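In: everything below, folded, please.
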Amino acid sequence: MEMFSISALDLFASALGTFILLSILLFPFYLRQPSLENELNGAKAELAASGESLYEAERVAETSAQRKARAIAALAAARTQLQEAQAAAASLEPVATANIEAPQPADQRGGALSIDDLDLVFVMDTTGSMRNELADVQANLLGVIRVLHRLAPSLRVGFVAYKDHGAVYVTRSFELSPMSEDNVAKVLRF
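Out: The predicted structure follows:
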């Protein structure tokens, strides 16, 4: 019975108290390792998807380069044919040109892509699970607007945000507006 003396019980109680205290302090980290493994697996999946996207982009770029090379070759052939036609026309007799219309001037941008009117509406889920995507849109929206405004001077942008039923709002919208400096600031604040 000496093993159950007061000092042995005190020692046991102290050890048990220390164990419980350490357990309580370390409990939040108990399942952290599987969570880190899940995040690592998610990051690996994102990396694989990015690799596939990069491969696809490289393939598209290669296809575009081939198209460009064919277009340059076709342009060179057309120029040669034009020079031959001009030489042949110079040897012919002069023809009355009263009924021939003057050629229309080329685009002022030197053949760049131009869109007459463009209305763009962003529609986005703004629930809590879309927090990262919403931050990405907010960070890149100004750049997208600037690029599109160069292509379409009459650009109008709108935004529709939606959430689940029972939230503060189900849908909230920013009307289509021409992209002046004030409206760009308003859509970014929205």
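
In: only C-alpha atoms for contact and neighbour calcs from this point on.
Out: OK.

In: chain center to the helix or strand containing Ala71, what's the gap?
Out: Assigned by DSSP states H and E, Ala71 belongs to helix 32-91. The offset between the C-alpha centroid of helix 32-91 and the centroid of the whole chain comes to 18 Å, using Cα atoms, centre = their mean, to the nearest Å.

In: now that helix: average pLDDT?
Out: For helix 32-91, the mean per-residue pLDDT is 84.

In: could you spell out the sheet neighbours of the next helix or strand after it, each with its direction?
Out: Counting by DSSP H and E, the element after helix 32-91 in chain order, helix or strand, is strand 117-125. Its sheet considered, strand 117-125 pairs with strand 154-162 (parallel) by DSSP bridges.

In: which outside residues touch the partner strand?
Out: For strand 154-162, the external contacting residues (Cα atoms under 8 Å, 6 or more residues apart in numbering) are 116-127, 148-149, 169-179, 187.

In: just the buried ones from those residues?
Out: Buried members of the contacts of strand 154-162, scored by 16 or more other Cα atoms under 10 Å, are 118, 124-126, 148-149, 171, 176-179, 187.

In: need those in TSV with pLDDT, can you?
Out: Converted to TSV, those look like this (pLDDT from 0 to 100):
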residue	pLDDT
Leu118	87
Met124	88
Asp125	88
Thr126	87
Leu148	86
His149	83
Thr171	89
Leu176	89
Ser177	88
Pro178	89
Met179	83
Val187	84
